Every structure is written in C-alpha cells, then in structure tokens.
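J.: Task: produce atomic coordinates for the following.
(one chain, ligands or ions: 1)
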Amino acid sequence: MHRDTKLCHYGQAQRPGPANPPVVRASTILHDTVESYKAVKAARESDEYILSYGRRGTTTAHALMQAIADLEGGEGAWLFPSGVAAISATLMAFLRPGDHLLLVDTVFGATRTFCDEVLAPLGITYDLFPSDAVDLSAYVTPKTKLVWVESPGSQTYEVMDLPALTQWARGAGLVTIADNTYASGWLYRPLELGCDVSVVAGTKYLGGHADVMMGAAAAKGEAAAVLRRAVHLTGQTLAPDEAYATLRGIRTLGLRLERHGQNSLALTEWFATRPEVLRVLHPGLQDHPGHALWQRDGQGDNGLLTVVFKPGFDTTAYLNALQLFGIGSSWGGFESLAMPIEPERTRASLQGLPEEAPMVRFHAGLEHADDLIADLSAGFESLS
Ligand SMILES: *Cc1c(COP(=O)(O)O)cnc(C)c1O
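T.: Numbering: from 1, shown residues only. The predicted structure follows:
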C-alpha cells in the first residue's frame, strides 16, 4: 500500500466506528476483578498498546504511536510533550556518567545546550564533528557511546551521508540517533539508512497547524527496548488531546509537504536572482553541496530555506515590511514565517561566508507562491 493511503487509515478502529480514534481521557482504568487487573499488568510488559494506565497512553496515543512507528519504519515509537523532551529523554536513555558522545556541528541549538548544561555536570562530554564526515575515528575516545546526527542540518541544511556514517558507527559499536524533524518521517527515513533511533519534533509538520507541542522517538532493534524502558521509568507521556491533534495533522502530512516543498523551491529560485542576496541554502537547489545526497536518500523538500544577504543589508527593516510572513520561532505550520538567525559560524560548512553577512530563515507556508513572492518583492521595494 502507498504511504499516502496509509496516512488516511492510521488508527481506524472497527466499523461501524468513528473515522478518527476519539480523545480518550483517563488516568485510572477500572477492572471488575483482581484477576483482570493482574492480567493487564502482566500483558503490558510485552504489549505496548494495552489499556493499563493513563501514563502509558490511552487508545488515542496508542493510535499515534503506531502511526509514527510505521512512518519511520520503527519497531515502536514513543511520545513526549515536546521535541526537546524527546531529545533529552532519548539522550538520557543511552548515556551514563563518564560517557562521551559525538554531535554533528549543525545540530539543533537546544540539543547542544542540553549537552552543555545537563549532561556536562553529569560527567558526560561531547565533541563536534563536521556534517560531511563519514569516518569518525579521529573524534572517538574509549568512552564514546553515541553519535547524534541531524540531516539536513538545522538552519543551514547540510545533508549527511547517513548510510556510510551508520555503517562506520555500527563497526565501532556506537548507537546512532537522528533528529529527523526536517523530514518528519515523510521525506527521509533514518532508521532505514542505518540509525537506531529517529527523533521528531511533531510540533512542526506532524501537528502541522502551529497549535500542538509534541515529540516522538521511533526505534528499532536493541535500541527500541532501551528507549521503551527509559520512557516508562521517567514517566514520559503525551496528553490525549495533543495525540488526537497530531494524528489529525498526519492525515495531510504528504499533501502539505508537497506544497511546502514546491513553495520553498519557488522562493529559493526567486531569491537567487535578487541583487541583495549572496546565497540561498536549500537542499533542493542544484548547487547546494548536499543536493546529490539528498536526491539519493530523501524524497522531496520541506518549507525551509535560509537566505544569506550581502553584508550591510537591513534584515530588520526588510522583515518588518513583510505582510504575509509572520516573525516567530518554530515552523512546520500552514503559515509562512521569517526569522533572523545566527548559526554558529564554527560550522564547517559556513567557512568562507563573510562573518557580517546577515542570515534569515524563511518557512514557506501553504499560501500561493505568487502571493509570497509578491510580498517578498514589495519588501525589497519598500527599502529603496
Ligand atoms: C523545533 C525543533 C526541535 C524542538 O522541538 P520543540 O517541540 O520545539 O521542543 C528539535 N529539533 C529540531 C531540528 C527542531 O527544529
């Protein structure tokens, strides 16, 4: 069955029945007999989707867990109250005091901050590696346990050669975990490319309507058992209403990403013709360094693009002049956004860009591309 078809049928119960799994709110699940209570407690150790207690999810969350596991090609998927919660809980699941990990240098900022401020005091240290490295021998220590990847990278979209990197990591006995928020289980499948765990901030495209906070982590093999145990021990859970809203968003994931990708490419090509612009970063662009890898391993683009303006360009005045682009954090909703960004200039991929060239990350929403381009064009005219 095609993946698009599955999106429309995830979580459907027996017929006659509702088209969507309803919001089931519960902490306590009642039993008539002690035997029944004990049987469910025993059964839940091997069946993740049995109704036993609210923290383990009700039927609403179970439907979403199965949908995300299927999207990512995992043996299971677990839910968290935000993307950052999924990241922190996953890191904690696989690391112990004294361990060392490797982070790609294009990693999402909050992931690195978590390592600095929570893991470092526990004696867990990290080193950064460039996104084009596939053999990390130069970076490992005897204490290295884990490699954290993100492809395309946050804000600058470097594409990693995950099949080659994960092959090396398996040989070195290291667990590989991907932050797959860019592709959200639809455009790219890290578990199929050799990763053990794939984390997604569902706040972005899974929810898709700028009204949900949630995270998920899908896993396969031994990693799935480790993650599952950690989720249960630390009490990670997602409220039923949020699970419902996320599953509703997933119904249109493929359709939305198709339009987001078309719009971001249209904006990218248009920006590239502007005299104010030094460079546009987008993995779908022919001259993007990761384009060939993305063509090989990915299946389309999302709505993100980053524009590097010429030094001296007034990005504040420009963004303030835009009407259709809201200014704000996050992305992945239906609407277009713009935000000034300052990625760490230590990223290997940014070497060679003038230090003073201002950068703006745009998210192309689901509006008509002609209207977005007209708005961006009027913004330039208002400056002159
Ligand atoms: C937004 C984002 C997160 C964090 O998600 P929240 O739900 O905001 O906590 C993690 N990773 C990446 C790549 C993101 O873009």
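J.: what's near enough to touch Thr203?
T.: Ser82, Gly83, Val212, Met213, Met214, Gly215, Ser330, Gly332 (Cβ atoms under 8 Å, 6 or more residues apart in numbering). The C-beta positions use only the backbone N, C-alpha and C, and glycine is treated the same way.
J.: at 6 Å what do you get?
T.: By Cβ atoms under 6 Å, 6 or more residues apart in numbering, the residues touching Thr203 are Gly83, Met213.
J.: With Ser184 instead?
T.: Residues in contact with Ser184, defined by Cβ under 6 Å, 6+ apart, are Val200, Tyr205, Leu206.
J.: Nearest residue to the residue in the chain that the ligand sits nearest to in space, please, no chain neighbours.
T.: Proximity to the ligand, evaluated over the chain using Cβ to the nearest ligand atom, is greatest for Gly83 at 2.2 Å. In this structure, Gly83 finds its nearest non-sequential neighbour in Ala201, 2.5 Å apart by Cβ to Cβ, 6 or more residues apart in numbering.
J.: Just confirm that neighbour contacts Thr181, I think it does.
T.: Yes - checked against Cβ atoms under 6 Å, the pair Ala201 and Thr181 is within contact range at 4.4 Å.
J.: where do the contact lists of these two overlap?
T.: In contact with both Ala201 and Thr181: no residue, using Cβ under 6 Å, 6+ apart.
J.: out of the two, which sits in the busier spot?
T.: Under the neighbour definition other Cβ atoms under 10 Å, Ala201 and Thr181 were set side by side, and Ala201 has more, 29 against 26.
J.: Can you mark which positions in stretch 125-139 are buried?
T.: In terms of neighbour count (16 or more other Cβ atoms under 10 Å), stretch 125-139 has its buried residues at Tyr126, Leu128, Phe129, Pro130, Ser131, Asp132, Ala133, Leu136, Tyr139.
J.: List the beta-bridge partners for the first one.
T.: Think Tyr126. Under the criterion DSSP bridges, Tyr126 forms beta bridges with Leu101.
J.: So it sits against Leu103, correct?
T.: Yes - judged on Cβ under 6 Å, Tyr126 makes contact with Leu103 at a distance of 5.2 Å.
J.: quick one: which of the contacts of Ser184 is nearest to Asp287?
T.: Taking Cβ to Cβ as the measure, Asp287 lies nearest Tyr205 of the contacts of Ser184, at 25.8 Å.
J.: tell me the secondary structure for the closest one?
T.: Using DSSP: H, G, I helix; E, B strand; the rest coil, the secondary structure recorded for Tyr205 is coil.
J.: Output the contacts of Ser184 as a markdown table; include the columns pLDDT.
T.: Formatted as a markdown table, those follow (pLDDT from 0 to 100):
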| residue | pLDDT |
| --- | --- |
| Val200 | 98 |
| Tyr205 | 98 |
| Leu206 | 98 |
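J.: May I ask which of those residues has the most neighbours?
T.: Val200 (30 neighbours).
J.: partners of the strand or helix carrying it in the sheet?
T.: Assessed by DSSP states H and E, Val200 sits inside strand 197-201. Here strand 197-201 is paired, per DSSP bridges, with strand 175-179 (parallel), strand 215-219 (antiparallel).
J.: Alright, calling it a day.
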